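1. structure for the following, please:
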Amino acid sequence: MSIEKISIKTGPIVEGDDFYGRKEELRRAWNFHISKGVSLKLFAPRRVGKSSFSKRMLKLAEDKGWKTLYLDVSGVSTEREFVKLFKEKLQEKKWWEKVTDTILKLFDSIKDSKVAGNKISIASDVWRNDTYSKIQQLIKSTGDILIVIDELPIFLNHLLEQENGKKSVELFLEWLKKFRQQSGTKKVCWIICGSIGIENFASMHQLGIHFSDCHPFPIGAFSENEAQDFISRLNLDVGEDVQFTEEQVRYILDKLGWYVPYYIQLFVNEIRSLITDESKQLSNDIIDEAYNRLIKGIYFNTWDERLKNYESEDTARKILRLCASPNGAGREILLANLYAKTSDVDKIETDLSNLLTRLINDGYLAERDGKYIFHSSLLKDFWYNRFIK
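-> Numbers count the residues shown, from 1 in each chain. Predicted coordinates for the structure are as follows:
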């Protein structure tokens, strides 16, 4: 019996029939949290699939009779733009056709900017309190609803860059928290996620208290069995007679080391390109060639660029260079290399602990057997090839 194939996707959010796995995580998220009115902050390294998972949770909620809303706020820079986006996404929903005249009037009364102009300052408390209160009333009137707010840290970073940015962020997050904590017969749940880790962002800007009511929900890599099955289902689209053997699937997994769907698809897509574009035969040699192309390409440039957001970028880069060795680096080795430039031992130990936590949360590193190593073999070999070799 033939198995259902999955399209290879290496960029967009994966939805519909191309979404694979995560059944246990979806079950736990719904049964233990969302169905009980508990909001979640998805906790996972970059590229693990937080956005795809959150979209699948919306589908699950819809199947349970809940209303849903998805907000990608990566392109939002101000509170005015956030309110405008909120209204636009609500208007797109079909269930708006069934709301009462009273609710429609409430919706129309929400202003996405204050009367005096487009700039919303900290002094515009009247606008903020009135607008956010109306949004809250509006959402609570819809019944049980699950709202995903994706790329929240990017939006908050935009707010921080503006005048009185820290205060704007705190006021916005304070509203979100009060919204989540409202009691009632209807449930309003939120899932918060983003390519920039919520945990790192909150820690860096001392904002953790604003997320204390959200349950941290981890999403990890696939298990070995899931990864094997996933590869077998990926559609190479090069003819039915071209399929991975069990040995080749094992060879791919051994090279990856970390079974994240994105990296699996990236790798398989490069193999497919060699077969289709250069008419090469599927073999371990072709798998090796695809791997070498990946680590010399541009796919991992964003990992380099992300480090510019670190307060101690140079130190973070030094840590990564040391950890890119075949066996990684222990804490003693890292400390010894950092001690060389300063006599402030306490500061170095604190800085190292903070940076390691952030690098782990962001998906660069993992701790195994007392050593810090790259989570992904692909990323490690890219780093070695780009910055050490």
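2. how far away is residue 132 from residue 150?
-> Applying C-beta to C-beta, to the nearest Å, the value for residue 132 to residue 150 is 20 Å. The way it works is simple: take the backbone N, C-alpha and C, and place the C-beta from them, glycine included.
3. could you do residue 271 as well?
-> For residue 271, the distance to residue 150 (C-beta to C-beta) stands at 30 Å.
4. neighbour-wise, which of the two wins?
-> Each of residue 271 and residue 150 has its neighbours counted (other C-beta atoms under 10 Å); residue 271 has more, 25 against 22.
5. quick one: contacts for the more buried one?
-> Counting by C-beta atoms under 8 Å, 6 or more residues apart in numbering, residue 271 makes contact with 236, 282, 286, 287, 290.
6. now rank those residues by neighbours and give me the top one.
-> Most neighbours among those, by other C-beta under 10 Å: residue 290, with 22 neighbours.
7. residue contacts, it?
-> Neighbouring residues of residue 290 by C-beta under 8 Å, 6+ apart: 267, 270, 271, 273, 274.
8. out of the contacts of residue 271, which comes closest to residue 35?
-> Closest approach to residue 35 among the contacts of residue 271 (C-beta to C-beta): residue 236, at 38.9 Å.
9. still on that earlier bit, pull out the buried residues from the contacts of residue 290.
-> Buried positions within the contacts of residue 290, assessed by neighbour count (16 or more other C-beta atoms under 10 Å), are 267, 270, 271, 274.
10. so where's this protein uncertain?
-> 1-2, 96-107, 109-124, 183-185, 239-241, 340-343 (pLDDT under 70).
11. where along it do the strands fall?
-> For the chain, strands defined by DSSP state E occupy the ranges 40-43, 67-72, 145-150, 188-193, 215-218, 329-330, 365-368, 371-374.
12. of all these, which one is nearest residue 227?
-> Nearest of those to residue 227, taken as C-beta to C-beta: strand 365-368 at 16.5 Å.
13. and for the closest one, what are the contacting residues?
-> With contacts defined as C-beta under 8 Å, 6+ apart, strand 365-368 is touched by 319, 320, 323, 328, 356, 359, 360, 372, 373, 374, 375.
14. in its sheet, what does that strand sit against?
-> Strand 365-368 sits in its sheet next to strand 371-374 (antiparallel), going by DSSP bridges.
15. ok, back up a step: just the buried residues of the contacts of strand 365-368.
-> Buried by 16+ other C-beta under 10 Å: 319, 320, 323, 328, 356, 359, 360, 372, 373, 374, 375, out of those.
16. so who does the first one touch?
-> Which is residue 319. Counting by C-beta under 8 Å, 6+ apart, residue 319 touches 329, 334, 352, 355, 356, 359, 365, 372.
17. what do you get for the third one?
-> For residue 323, the contact set (C-beta under 8 Å, 6+ apart) comprises 329, 334, 365, 372, 373, 374, 380.
18. picking up where we left off before, closest one of the contacts of strand 365-368 to residue 198?
-> residue 360 (14.4 Å).
19. from residue 45, how far off is that closest one?
-> Noted for residue 360: a distance of 8 Å to residue 45, by C-beta to C-beta.
20. how close does the closest residue in space to residue 5 that isn't next to it in sequence sit to residue 66?
-> Nearest residue to residue 5 in three dimensions, chain neighbours excluded: residue 235, at 4.0 Å (C-beta to C-beta, 6 or more residues apart in numbering). Residue 235 sits 32 Å away from residue 66, taking C-beta to C-beta as the criterion.
21. quick one, which of these two is more surrounded?
-> Between residue 235 and residue 66, residue 66 has the larger neighbour count (other C-beta under 10 Å), namely 19 against 13.
22. quick one: the residue nearest to that one when sequence neighbours are not counted from residue 59, how far?
-> Leaving aside its chain neighbours, residue 66 sits nearest to residue 144 (4.6 Å; criterion: C-beta to C-beta, 6+ apart). To residue 59, residue 144 is 15 Å away according to C-beta to C-beta.
23. tell me which of these two has more neighbours.
-> More crowded of residue 144 and residue 59, by other C-beta under 10 Å: residue 144, with 18 against 14.
24. which residues touch that one?
-> With C-beta under 8 Å, 6+ apart, residue 144 has these contacts: 65, 66, 67, 186, 187, 188.
25. for burial, what's the neighbour tally of residue 181?
-> Around residue 181 there are 10 residues (other C-beta under 10 Å).
26. for residue 262, same thing?
-> Residue 262: 18 surrounding residues under other C-beta under 10 Å.
27. just checking, it touches residue 47?
-> Yes: counting by C-beta atoms under 8 Å, residue 47 is a contact partner of residue 262 at 4.4 Å.
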